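*Asks:* below are the sequence and a predicted model for it; my questions follow.
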Amino acid sequence: MDGAVLVTGGLGYIGSHACVELVRAGRRVVALDSLANSSAAVAERLAELTGRPLSFVHGDVRDIGLLIRVMREHGVDSVLHFAGSKAVGESVGRPVAYYDNNVGGSMALIAAMHGAGVRRLIFSSSATVYARGGAMPLVESSALDAGSPYGRSKLFVEQMLFDLRASDPAWSIACLRYFNPVGAHPSGRIGESPRGVPNNLVPFIAQVASGQRERLQVFGGDYDTADGTGVRDYVHVLDIAEGHVRALDYLERDGGGCVAVNLGTGQGVSVLEMLREYERASGRPVPYAVAPRRAGDVARCWADASLAQRLFDWRARRSVAQMCEDSWRWQCANPDGYR
Ligand code: NAD
Ligand code: UFG
């Protein structure tokens, strides 16, 4: 593990937590980010949290020449690829922009890795690649069929990576399918900083608890679940970050292959259960109203997380209570995120 790790999208929500965990594990890190959905302030906070300056490159992952230069200059031998656009709803209105950034960005990265002689890659995939309506829990061999341009961009890249590995055994690749990453670093210094109205449940609840928004709209109270609200597999962002460190160890140890692996807890939690847990953690009421179902939502989605345990010796360790406590600490210390 002499080489450095290039973290694309390294100032984003999950990438920034991965940088902290990589440095903690003794890795040399170079973060590249276009700041399309993040702030330069994150680089300073990462330096503060890790106790050393962060090598940060402001640039676009589609800039092949820049990527080759960065990989050569820093002696990179592995890449964690977080950079991309991630809003499912927005991807329906701007599909070509999503394919450009997510598929085009990944293709440019692969070309640059080829040029720089780097062949170890961890790709940020998503549970959204699984077909709707399948049996729970989702195993890696469950049927795939993404329901949005965003989801299809993830599926295309996964398939491209499998084809790449089949064509050239020098590559070792892990596609990590995250379920619902939530929470923040326990220091309260880094966390999720959504622009505008949060799309996702926990950031929205955080803003209701803090009084920035009046009430949560619960999208659907008539699902076929215990309390009628949607059930998801929420997983602490630091557990996700640790999963990347373990996956990298695995790729170095066991060499080749291309694997797709779920990162989740294996536990389903309903919207109302999450809301109650957040009320406990924050000591604040979270008013809510049941609203119609949100288009495209499924009733239930959770992981079989046993493959990650078997291959990486990883499992999510943090509880729903910790997810809410860490989210709340971040929310209180940074009511406007990084702005
Ligand atoms: P994020 O938006 O916080 O982080 C992505 C980072 O990539 C941002 O800092 C952004 O500025 C940067 N970026 C975007 N396009 C870029 C480009 N062309 N060049 C360089 N940098 C660029 O999102 P996140 O939640 O940290 O997600 C990270 C990855 O994980 C994404 O690929 C996302 O699709 C995937 N993912 C996220 C979730 C989730 O719920 N957060 C779930 C499943 C998968
Ligand atoms: N929800 C509400 N009110 C809100 C927001 C969400 O009731 O204001 C509900 C949703 O209906 C759902 C649950 O809370 O039942 C979780 O919703 P999120 O938007 O937080 O998460 P999703 O599971 O819908 O989506 C997440 C990621 C996507 C990814 C998907 C599948 O945001 O990027 O998981 O992995 F595609």
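*Replies:* Cool, the structure landed. Ligands and ions are numbered 1, 2, ... in the order given.
*Asks:* CA atoms of stretch 295-302 as PDB?
*Replies:* What follows is stretch 295-302, C-alpha atoms only, in PDB (Å, rounded to 0.1, in the frame of the first residue of the first chain):
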ATOM      1  CA  ALA A 295     -43.600   8.800  -7.900                       C
ATOM      2  CA  GLY A 296     -41.000   6.100  -8.400                       C
ATOM      3  CA  ASP A 297     -40.800   5.100  -4.700                       C
ATOM      4  CA  VAL A 298     -40.900   1.400  -3.700                       C
ATOM      5  CA  ALA A 299     -42.500   0.200  -0.400                       C
ATOM      6  CA  ARG A 300     -39.500  -1.700   0.900                       C
ATOM      7  CA  CYS A 301     -35.800  -1.900   0.100                       C
ATOM      8  CA  TRP A 302     -33.100  -3.500   2.200                       C
END
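*Asks:* tell me which residues in that stretch are buried?
*Replies:* V298, A299, R300, C301, W302 (16 or more other Cβ atoms under 10 Å). C-beta here means a position set from N, CA and C on the backbone, and glycine is covered the same way.
*Asks:* what about that stretch, near ligand 1?
*Replies:* No. On the criterion Cβ under 6 Å from any ligand atom, stretch 295-302 is out of touch with ligand 1, staying 11.6 Å away.
*Asks:* say whether ligand 2 is contacted by that stretch.
*Replies:* Yes. Contact of stretch 295-302 with ligand 2 (Cβ under 6 Å from any ligand atom) involves D297.
*Asks:* so what touches that stretch?
*Replies:* 88, 127, 130, 132-133, 136-138, 147-148, 179, 219-220, 223-225, 230-233, 264-268 (Cβ atoms under 8 Å, 6 or more residues apart in numbering).
*Asks:* the same query, at a cut-off of 6 Å, please.
*Replies:* Applying Cβ atoms under 6 Å, 6 or more residues apart in numbering, the contact partners of stretch 295-302 are R132, M136, P137, Y223, D224, T225, G230, V231, R232, D233, G268.
*Asks:* who touches the helix or strand bottoming out on mean pLDDT in the chain?
*Replies:* Across the helices and strands of the chain, mean pLDDT, DSSP states H and E gives its lowest value to helix 88-93, namely a mean of 94. By Cβ under 6 Å, 6+ apart, the residues outside helix 88-93 that reach it are Y98, S148, P149, Y150.
*Asks:* C-terminal to that helix, what's the next element?
*Replies:* Scanning forward in sequence from helix 88-93 by DSSP states H and E, the next helix or strand is helix 95-98.
*Asks:* next, the buried residues of that next one.
*Replies:* Y98.
*Asks:* residues touching the closest residue to ligand 2 within the chain, list them.
*Replies:* Proximity of the chain to ligand 2 (Cβ to the nearest ligand atom) peaks at G230, 2.3 Å away. Neighbour list for G230: Y223, V271, D297 [criterion: Cβ under 6 Å, 6+ apart].
*Asks:* please narrow those to those residing in helices.
*Replies:* V271 (DSSP state H).
*Asks:* any idea which of the contacts of G230 is closest to G12?
*Replies:* Proximity of the contacts of G230 to G12, judged by Cβ to Cβ, is greatest for D297, which lies at 23.8 Å.
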